[in-house]
Each structure stands twice: as structure tokens, then as C-alpha cells.
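>>> fold the following and give me the result.
(2 chains, ligands or ions: 1)
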Amino acid sequence: MNKRRPYVRSMDGWWRKNPFFVEYMIHEGTALFVAAYAGILLNGLVHLSQGEAAWNVWLLGLKSSWYIGFHVLTLIALGYHTYTWFKIMPRTMPPVVVGGQRLSAWAITGSGLAVAAAAMAALLGLVWGMAR
Amino acid sequence: MSDNQKVIEIEVLRYHPEKDKEPHKQVFEVPFTDDMSVLQGVQYIKDYLDGSLSFRWSCRMAICGSCGMMINGEPSLSCQTFLRDYYPARVRVEALSHFPIERDLVINMEGFMEKLESIQPYIIPKEPRTLQEGEYLQTPEQLNEYEQFSSCINCLLCYAACPQFGLNSSFIGPAATALLHRYNVDSRDGGKAERMELINSEEGVFNCTAVGYCSEVCPKHVDPANAVNQNKTISAADYFLRFLTPKGGAK
Ligand code: FES
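Predicted coordinates:
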């Protein structure tokens, strides 16, 4: 008779069992803020298409302290999302060889973050310029 | 045993299929010296405290890949993890996560063996060559393409680190994909088209959600997450290329 009876352990609550997985769930969770913010902007676009009055209602809504609080929270979440996104980037792409040397993971992450920061500054500058 | 002999508690997850319904914990008090690995601690238990304890090991030097265990919840090679790093706290030892437990610390790795076979882990020559034609030549750059992925020792720590494999054991997983990639990018190999079918399949790379813990725990710096994620891009290109070329990539 076969005495083998392999025991399969449950996966319930797997993401709580290791700090690495907890962090993974948190950084994946920040994607919800990205989606929520896209929703807000899209909503603004719909209001804009409905004319000036509707647009002003949307603008006024943005000034509520709830909304401002939400924006601060979203900014933090998006900042963390951006950081983790570029942190995993070296693992997702073919090796980059510069001058016969393989680019280090931190060089790739660093350049990604630098590009993101530059893009953000440029956008901010543009909007600032238009608003004046 | 001298007076200043240090003693550490090792908590082992035991499972004997003949008598246990499910695994249970058992704590052993193990005298140790600073040069002792967790593997040596477990060996002490087997030699002096309980001969029925089962576990795998061979080389004791991090190259055979058989001594993988969860040590305090982290997939580790027990021969290169040291008791002194846990003392005076208790150290928890358990069979590798995400695999069925065969007995105590021994996992059932049949599923992995099948996967390993399915990726055809050998060079499928581009064209048949006679001995007279001499050896294959490869430049250092061509060697660089795959060398890292050839360092895999099949220890399965990466599978124990992959929740997606835990949730769906049919996923081909990190190590098998890394080895598959190792052959696909070898300049001597011509088997890529066959292997890509596996990459593109239900069991393939798109089960991965880029958790990245597999590469973190790899004792040989293979970076299996990189192989898996590079192949997502290759697979996507393969899929879209079929609209452009009559021969087509993906099936
Ligand atoms: S005993 Fe060989 S890798 Fe640990």
C-alpha cells in the first residue's frame, strides 16, 4: 500500500506571512489611487464638455477641504507608486550594456526616477505658465 | 557538554503521513557552536534527539540545491544559514512553502521535475553538425547573454517565494523559466520557437505579477524574475508580429 499522502498547506492570508508580500500589496494598492485620480480628471473633462457653468461647479468642488486632503493623500500614494515602479524596472527589462559594462540596477532605477521628476517639473512649469 | 555551551531552540514543522492528519510543531533544544549552520542543527536533532526527522541535503556548500527550507518564514538554503544569527531567539524551520509536504522538511517536487523536462533544458542545435566541423564558437558577449541564468541549482527557493505559484501550481514558475530563457538566448540553440509555446501558454509567464521576491531569495543571483519578465515582452512581440509576418509567432 502506498503510504504517501502529500500535505498541501493553505494559501489563506499568504500576503500577511512575509513583510515582502505586505509591501507588495501596499505598493500594488497605490494603483487604486492612480485609477481614482484618473477618474477625477475624466469627470472634470465631462464637466468641461457641458459648458462653463458645469466646469465651474467641478472647480468649486475641488476646493473643498475633503478634496484637498484626498489630493495630498493621492500625491503621497502616487509618489510611492512611482518609486516602486522604477525600483522593479531593472528586473523587467533586458540588460542594458553601456561601453561594454552592464548598467547596474540602481542606475536604471535612478534614471527612471530622474525622468519622472523632470517630466513632473516640466508639466508643473507648463501649467504654472498657462495659469499666470 | 561544557558549562558555557550555548543551546538554541529549533522549532520544526513535523508531518508523518502514516500517523499525522496535518503538520504540527515540535521544539528541540540543540547545543551549538558559532560555526554551525541550520542544516547542522537539524542533523544534530536527527543524530541525537529524534532519528525519525526527515530532510534533504548533500553538498553542505550551497551548490547541490537540496537543503532548501523556510527558516523563520524565509526560503533559505539551510547549509548557508547560521544558527548564531538567530540565537538567543528560537529558530523556526519548515518545509519549503507552496509545495506539498511529503514528510517533515521534505517536499514533493514531482511537479517541478515535469516542468523542467517540458522546457527541454538542453541545446537543440540550429543545424546538425558533424564532429569534423569542430566545436561551436561563442564570443564573450554571447556567453554573457545566458551565463547568469545557467547558474540555477534547482533549489526551488524561488518557487517558495512566489505567491502566484502557490495560488496556481501549474504556473511554470521562476526557475524553469530562467532555464528556458538560458537556452533560448544561447547562440548555439535553435529551439526557441518550440519553447515559446510554453511561455505563451496558460501556464506561461503571464501568471507573474512581478512580486520579485524570487530574485531576492535566489542564492545564485540568477534573477529569475528578470527571465520571466523579459519573456513577457518577447511573448507580446511574438503575438503582435503574427499580424505582420505570414509565418506568425504565437499559436
Ligand atoms: S546541502 Fe547542498 S545546497 Fe545545501
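>>> same for the longest helix anywhere in chain A, what does it pack against?
Longest helix in chain A, counting residues (DSSP state H): helix A:19-49. In terms of contacts (3 or more C-beta pairs under 8 Å, 6 or more residues apart in numbering or on different chains; DSSP states H and E), helix A:19-49 is packed against helix A:52-62, helix A:65-92, helix B:213-217. For the C-beta atoms, the positions are set from N, CA and C on the backbone; glycine is no exception.
>>> nearest to the ligand, of those?
For the helices and strands packed on helix A:19-49, proximity to the ligand was assessed by C-beta to the nearest ligand atom; helix B:213-217 is nearest, at 13.5 Å.
>>> for residue A:16, the count of nearby residues, please.
10 (other C-beta atoms under 10 Å in any protein chain shown).
>>> measure the residue nearest to it when sequence neighbours are not counted to residue B:211 for me?
In space, and not counting its chain neighbours, residue A:16 is closest to residue A:22: 6.6 Å by C-beta to C-beta, 6 or more residues apart in numbering or on different chains. Taking C-beta to C-beta, to the nearest Å as the measure, residue A:22 falls 12 Å from residue B:211.
>>> grab the nearest non-local neighbour of the residue positioned nearest the centre of chain A.
When C-alpha atoms, centre = their mean is applied to chain A, the residue found nearest the centroid is residue A:81 (3.4 Å). Closest residue to residue A:81 apart from its sequence neighbours, by C-beta to C-beta, 6+ apart: residue A:30 at 4.0 Å.
>>> and residue A:14, by the same measure?
residue B:163 (5.2 Å).
>>> state the phi and psi torsions of that neighbour.
Backbone torsions of residue B:163, given as degrees, to the nearest 10, read phi -60, psi -30.
>>> give me the nearest residue to the closest residue to chain B within chain A, chain neighbours excluded.
Using C-beta to the nearest C-beta, residue A:6 is the residue of chain A that sits closest to chain B, at 3.4 Å. Residue nearest to residue A:6 in three dimensions, not counting chain neighbours: residue B:100, with 3.4 Å by C-beta to C-beta, 6+ apart.
>>> near chain A, which residues of the stretch 151-251 of chain B show up?
B:163, B:166-167, B:209-213, B:215-216, B:223, B:225-226, B:229-230, B:232-233 (C-beta under 8 Å from any C-beta of the partner chain).
>>> got a ChimeraX select line for the buried ones in those residues?
Those of those that count as buried under 16 or more other C-beta atoms under 10 Å in any protein chain shown are selected in ChimeraX with:
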select /B:163,166,210,211,212,213,215,216,223,225,226,229,230,232
